[in-house]
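Student: Sequence and predicted model, in that order:
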Amino acid sequence: MKIYNTLYRRKEEFKPLRFPEVKLYQCGPTVYNNAHIWNLKTSVVEDVVARSLKYLWYQVTTTMNITDIDDKTIRDSVAAGESLKAFTEKYTKVFLDDLEKLWVSLPENITPISGIIPEMVRMIQTMLNRWFAYLADDNSIYFDVTKSKRYGQLANLDMSGLKQSVRIDNDEYDKESAADFVLWKAWKAEDGDNYWEESFEIKSENWEKTSTVLKWRPGWHIECSACAMKHCGPQIDIHMGGEDLIFPHHQNEIAQTEACTGKQFSKYWMHSGHLMVEGKKMSKSLWNFYTLRDLEEKYPKQPRLMRAIRMWFINGLYREQINFSFDKLEQNIKTLENIDETCKRLVRYMAEYSGVRPEFRNYMQEVIQWYAVALEDDFAFPEAFAILFDFQSFI
């Protein structure tokens with residue numbers, strides 16, 4: 001089996017750390033609004049990859065975080081006049097309901113980040129002890145990217161132009177802003193009641209330790225590292241997410257996790273391509289997004305809608321961008337009508353011949369074999385669908 005590994009930008013033979021077990025981590029949503037269908041595309045791709053691995057006899061355990069603490073959730077909960085917990089739980093339920101509608105199997109481990117503050121504190125303290133992190137004059141703790149030998153590899157960064165003594169405390173930023181990133185973020189008045197008071201030991205240059213209680217909250221990147229560490233241990237087999245997370249989020253996950261463990265964090269990195277609208281990435285910031293409810297309102301009496309959306313998301317290479325199109329969605333609805341009719345013909349065929357005839361059984365074995373071959377080639381869903389369509393013409 002081969003998987004395209006973003007870390008090395010090539011297909012590689014898949015060798016899990018402990019065959020046949022596979023630890024798969026996927027970055028969950030930031031729950032500050034209804035998920036748009038680009039978020040859901042990523043979840044569907046991750047679900048189909050996990051199902052395919054299980055179909056190929058791997059023992060897969062999946063873990064997903066729920067980001068309920070970050071710049072956006074705090075900002076919008078304060079603006080809404082709601083507690084962070086009530087605000088994020090509302091949108092977490094909406095997201096999980098959407099996954100259920102799309103027949104996405106929920107991961108074995110789903111963890112709201114607010115529930116693993118102690119794990120984050122332990123990791124940050126480890127980085128402080130090993131000089132990978134430091135307390136800055138703005139009272140935030142930052143990761144020193146110059147201490148990470150492989151920093152920039154996943155995101156293909158040129159680190160020669162990195163500015164020294166530059167820090168950034170925003171959760172999201174672009175490659176041009178690459179700098180020391182925040183692990184534990186100092187409280188600001190606009191954060192309202194959203195803070196945690198935790199004790200850290202800070203070492204001075206002469207190795208003296210000072211115990212300091214800080215009124216802060218975690219940065220975005222440490223959250224996923226702590227979640228993966230809690231459920232998967234120091235190493236995972238596959239880390240998945242949308243391609244927009246490669247930098248800074250996934251790059252920073254690698255740096256801070258490996259600073260704590262001294263081991264390679266994830267052997268394989270798989271990224272789902274963007275969902276585009278008129279040549280631009282679908283995003284809430286651009287207001288060019290659709291939610292599942294938008295599509296339900298447009299097709300209120302279409303029983304195959306959710307299956308068509310799911311099929312549309314995977315009827316292409318998972319790591320390539322696809323364009324949003326109502327025409328494409330409607331084509332998938334028609335394709336599903338044909339597939340359903342094939343299933344009905346198959347039932348009639350079996351009833352007519354009182355079971356499966358030898359020549360049909362032999363043909364089915366070939367179909368299953370070539371279907372598995374397609375999945376083993378970096379989850380080549382288009383080729384798998386082509387095999388299914390050839391099978392339809394046979395029935």
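Tutor: It's in.

Student: and the helix or strand that contains Ile309, how far from the chain's centre?
Tutor: Take DSSP states H and E as the rule and Ile309 turns out to sit in helix 305-314. Centroid separation for helix 305-314 versus its chain: 19 Å, with CA atoms, centre = their mean, to the nearest Å.

Student: Which is the succeeding secondary structure element to that helix?
Tutor: Defined by DSSP H and E, the subsequent element after helix 305-314 is strand 322-323.

Student: which ones are touching Ile322?
Tutor: The contact partners of Ile322, by CB atoms under 8 Å, 6 or more residues apart in numbering, come to Lys41, Gly273, Leu275, Met276, Trp312, Phe313, Gly316. All C-beta spots, glycine's among them, are computed from the backbone N, C-alpha and C.

Student: Under a three-state scheme, what state does the nearest residue to Phe391 once chain neighbours are set aside occupy?
Tutor: With sequence-adjacent residues excluded and distances taken as CB to CB, 6 or more residues apart in numbering, Phe391 is closest to Val367, at 5.3 Å. With DSSP: H, G, I helix; E, B strand; the rest coil as the basis, Val367 sits in helix.

Student: that older thread, show me what the helix holding Ile309 is packed up against.
Tutor: Where contact means 3 or more CB pairs under 8 Å, 6 or more residues apart in numbering; DSSP states H and E, helix 305-314 is packed against helix 37-55, helix 292-298, helix 326-352.

Student: Which one of the ones you listed has the poorest average confidence?
Tutor: The weakest mean pLDDT among these belongs to helix 326-352, with a mean of 91.

Student: pLDDT weak spots in the stretch 251-395 of the chain?
Tutor: Applying pLDDT under 70 to the stretch 251-395 of the chain picks out residues 284-286, 395.

Student: quick check: mean pLDDT across the host helix or strand of Thr62?
Tutor: Using DSSP H and E, Thr62 sits within strand 59-66. On average, the pLDDT along strand 59-66 is 98.

Student: Direction included, what does it pair against?
Tutor: strand 21-26 (parallel), strand 109-112 (parallel) (DSSP bridges).

Student: Hmm, Leu7 is touching Asn156, no?
Tutor: No - contact criterion CB atoms under 8 Å: Leu7 and Asn156 do not qualify, at 10.0 Å.

Student: Compare these two (neighbour count), which wins?
Tutor: Leu7 (20 against 13; other CB atoms under 10 Å).

Student: how about the nearest residue to the more buried one, chain neighbours excluded?
Tutor: Distances taken as CB to CB, 6+ apart put Trp269 closest to Leu7, at 5.0 Å, once the chain neighbours are dropped.

Student: So the one you found lies in a strand, does it not?
Tutor: Yes - assessed by three-state DSSP, Trp269 belongs to a strand.

Student: Tell me the bridge partners for it.
Tutor: Bridge pairing for Trp269 - DSSP bridges - gives His239.

Student: how near is it to His249?
Tutor: Taking CB to CB, to the nearest Å as the measure, Trp269 and His249 are separated by 12 Å.

Student: Tell me how many other residues surround the residue nearest to Phe391.
Tutor: Neighbours around Val367, by other CB under 10 Å: 14.

Student: In this structure it contacts Phe389, no?
Tutor: No - counting by CB under 8 Å, Val367 does not reach Phe389; the two are 11.1 Å apart.

Student: Pretty sure Phe95 sits against Pro29.
Tutor: Yes - between Phe95 and Pro29 there is a contact under CB under 8 Å: 5.2 Å.

Student: Looking at these two, which is more packed in?
Tutor: Each of Phe95 and Pro29 has its neighbours counted (other CB under 10 Å); Pro29 has more, 25 against 21.

Student: so who does that one touch?
Tutor: Applying CB under 8 Å, 6+ apart, the residues near Pro29 are Ala35, Asn39, Ile66, Thr67, Tyr91, Thr92, Phe95.

Student: Please apply the same query to Leu106.
Tutor: Leu106 makes contact with Leu96, Leu99 under the criterion CB under 8 Å, 6+ apart.

Student: re the thing from before, would you mind listing the residues touching both of Leu7 and Asn156?
Tutor: Common neighbours of Leu7 and Asn156 (CB under 8 Å, 6+ apart) do not exist.

Student: And Lys280, how close does it get to Gly316?
Tutor: In terms of CB to CB, Lys280 sits 18 Å off from Gly316.

Student: So which of these two has more stuff around it?
Tutor: Gly316 (15 against 10).

Student: Please determine how far that one is located from Gly273.
Tutor: To Gly273, Gly316 is 8 Å away according to CB to CB.

Student: so how far is Phe143 from Ile254?
Tutor: In terms of CB to CB, Ile254 sits 11 Å off from Phe143.
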